[in-house]
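return a 3D structure for these sequence lines:
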Amino acid sequence: MNKMDTREQQNRIVPPLLGWFAENARDLPWRQNREPYRVWLSEIMLQQTRVEAVKPYYARFLAALPDIQALSTCDHDALMKLWEGLGYYSRARNLQKAAQQITEQFDGKFPRSYEEIRSLAGIGDYTAGAIGSICFDLPEPAVDGNVLRVYTRLFCDARCTDDTAVRKDIRDRLRLVYEDTAPHLRGTLTQALMELGATVCVPNGTPHCEVCPLHAMCEARRTGSIAEYPVRKQKKTRRTEEYTVYILQCGDRIAVRKRPKTGLLAGLWELPHLDGKMETQAALNAAEAWHTGAAEIVSQRNCVHIFTHIEWHMTAVHLLVTKMPDCFFWVTPEQLASEISLPTAFRICLPEE
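You can find the predicted model right below:
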């Protein structure tokens with residue numbers, strides 16, 4: 001099928017899709033207007049994260065950092081605290097880098113061309129397409145996993161969607177449809193495609209074909225092959241890493257320290273930890289090297305945190321100590337709650353209240 005044939009078929013999806021979206025669009029806070037800072041923030045937060053999980057973070061972030069200028073000058077620790085628990089912290093760092101780019105290169109105004117938007121830190125083809133079409137009526141599709149799933153099912157496209165060239169070709173084909181769509185409707189088309197994939201042509205479980213506005217033209221539904229699309233590469237098995245994590249408590253103070261500036265959870269706070277799973281006495285012996293004084297063990301329990309490609313299996317050891325050496329930063333519970341950005345991987349190791 002050549003692109004011109006596909007163009008005619010694809011154009012057929014627009015009227016029923018837009019009509020369905022007008023009746024069924026979820027009331028989401030980032031859809032209240034087309035202000036690019038808000039759309040950009042929502043798109044970054046929604047990467048790898050559920051809508052319901054994002055909502056409170058989005059509101060809190062905007063309250064603290066309402067515009068590009070505020071984000072560009074925000075203290076790093078304060079920024080990480082706002083992002084705490086949302087994961088993928090490089091997203092927050094890139095948000096700030098991009099805000100600084102906008103301030104320095106675009107006089108503080110969000111760029112309006114696709115190429116300029118794409119040049120910002122942390123913004124790829126998908127996010128640039130979303131911002132460009134939603135905020136500036138550009139004929140640029142936003143092709144994410146939801147859109148790829150809808151597209152490959154509609155046209156029984158059996159190419160592997162993990163292939164960069166395939167994703168680019170699908171984006172190019174959809175761009176033809178955006179060019180044929182009235183500029184003021186392009187952003188709505190982007191949101192409608194996303195919405196269809198998120199709520200009807202769902203990623204897990206059986207799609208809700210009975211309420212899909214495109215069911216009459218879906219080749220996968222017609223041929224009974226919905227489960228075959230999209231075609232993906234087999235996921236690699238996550239590797240497991242084991243650690244002994246220490247909750248060192250002196251009075252009401254807990255020991256934390258900064259992680260390296262590069263690598264996983266770069267630059268964030270962490271609880272002291274050592275490689276490997278240690279039995280109780282071995283853990284006590286190892287802790288002596290930190291010169292924390294006599295230690296009394298309060299509890300020991302196992303915790304697991306799953307990253308995209310790694311699983312951390314942690315033995316959390318809670319010790320009462322008598323000294324506070326300078327190799328750690330000793331913080332109060334209030335500081336842990338309001339100032340210190342402790343990633344979920346470590347926060348789950350803290351004693352349960």
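
what comes up buried for stretch 192-205?
Of all the residues in stretch 192-205, those buried under the rule 16 or more other CB atoms under 10 Å are 192-198, 200-201. Where you see a C-beta, it was placed from the backbone N, CA and C, and this is true even at glycine.

format those as TSV; extra columns: secondary structure.
Output for those, formatted as TSV (DSSP: H, G, I helix; E, B strand; the rest coil):
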residue	secondary structure
192	helix
193	helix
194	helix
195	helix
196	helix
197	helix
198	helix
200	coil
201	coil
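
what pLDDT does residue 4 get?
In this model, residue 4 is scored at 46, pLDDT.

how does the protein divide into domains?
3-228, 239-347 (automatic domain parsing).

quick check, nearest of the buried residues of stretch 192-205 to residue 329?
Distance to residue 329 across these (CB to CB) is lowest for residue 198, with 41.2 Å.

state the mean pLDDT of whichever strand or helix holds residue 77.
Here residue 77 is covered by helix 76-83, with elements defined by DSSP states H and E. For helix 76-83, the mean per-residue pLDDT is 95.

whichever helix or strand comes after that helix vs helix 76-83, what angle?
Along the chain past helix 76-83, the next helix or strand (assigned with DSSP H and E) turns out to be helix 90-105. Relative orientation of helix 90-105 versus helix 76-83 (axes from the mean of the first three to the mean of the last three CA atoms, to 10 degrees): 130 degrees.

quick one: list the elements packing against the helix holding residue 77.
The elements that helix 76-83 packs onto, with contact taken as 3 or more CB pairs under 8 Å, 6 or more residues apart in numbering; DSSP states H and E, are helix 51-64, helix 90-105.

I'd like the ones you listed written out as a markdown table, with mean pLDDT added.
Converted to a markdown table, the helices and strands packed on helix 76-83 look like this (pLDDT from 0 to 100):
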| stretch | mean pLDDT |
| --- | --- |
| helix 51-64 | 97 |
| helix 90-105 | 97 |
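
just these: most buried one?
helix 90-105 (a mean of 18; mean count of other CB atoms under 10 Å).

pull the residues that contact that helix.
By CB atoms under 8 Å, 6 or more residues apart in numbering, the surrounding residues in contact with helix 90-105 are 40-41, 44-45, 47, 68-69, 71-72, 74, 76, 79-80, 82-83, 86, 108-111, 119-123, 266-267.

which positions within the following helix or strand past it qualify as buried?
Sequence-wise, the next helix or strand downstream of helix 90-105 (DSSP H and E) is helix 114-118. Across helix 114-118, burial judged by 16+ other CB under 10 Å covers 114, 116-118.

quick one: list the elements packing against helix 114-118.
helix 125-136.

tell me what angle the helix holding residue 77 forms with helix 51-64.
Orientation check (the same axes, to 10 degrees): helix 76-83 against helix 51-64 gives 140 degrees.

return the set of buried residues in helix 76-83.
So for helix 76-83, counting by 16+ other CB under 10 Å, buried means 79-83.

which element follows the helix or strand that contains residue 286 toward the C-terminus?
Taking DSSP H and E as the criterion, residue 286 maps to helix 280-287. The element immediately downstream of helix 280-287 (helix or strand, assigned by DSSP H and E) is strand 296-306.

adjacent strands (with direction) for that next one?
Strand 296-306 pairs in its sheet with strand 310-320 (antiparallel), by DSSP bridges.

what's next to the partner strand, contact-wise?
238-250, 264, 273, 277-278, 280, 283-284, 287, 292, 295-306, 345, 349, 351.

cool, stretch 73-88 as well?
With contact meaning CB under 8 Å, 6+ apart, stretch 73-88 is reached by 45, 47-49, 53-54, 57, 60-61, 64-65, 71, 89, 91-93, 96, 267-268, 338-344, 347.

and that stretch, how far apart are its ends?
Chord length of stretch 73-88, first to last residue, is 21 Å (CA to CA, to the nearest Å).

ok, now stretch 212-229?
Using CA to CA, the end-to-end distance of stretch 212-229 comes out at 16 Å.

again, but for stretch 313-330
Using CA to CA, one end of stretch 313-330 lies 25 Å from the other.

for it, what is the average pLDDT?
On average, the pLDDT along stretch 313-330 is 95.

same check, this time on stretch 258-278
93.

can you give me the buried ones in it?
264-265, 267-274, 278.

tell me which of the residues you listed fall in strands.
269-270, 273-274 (DSSP state E).

could these go into TSV alongside distance to residue 150?
Output for these, formatted as TSV (distance: CB to CB, whole Å):
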residue	distance to residue 150
269	41
270	40
273	43
274	47
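
no further queries at this time; thank you.
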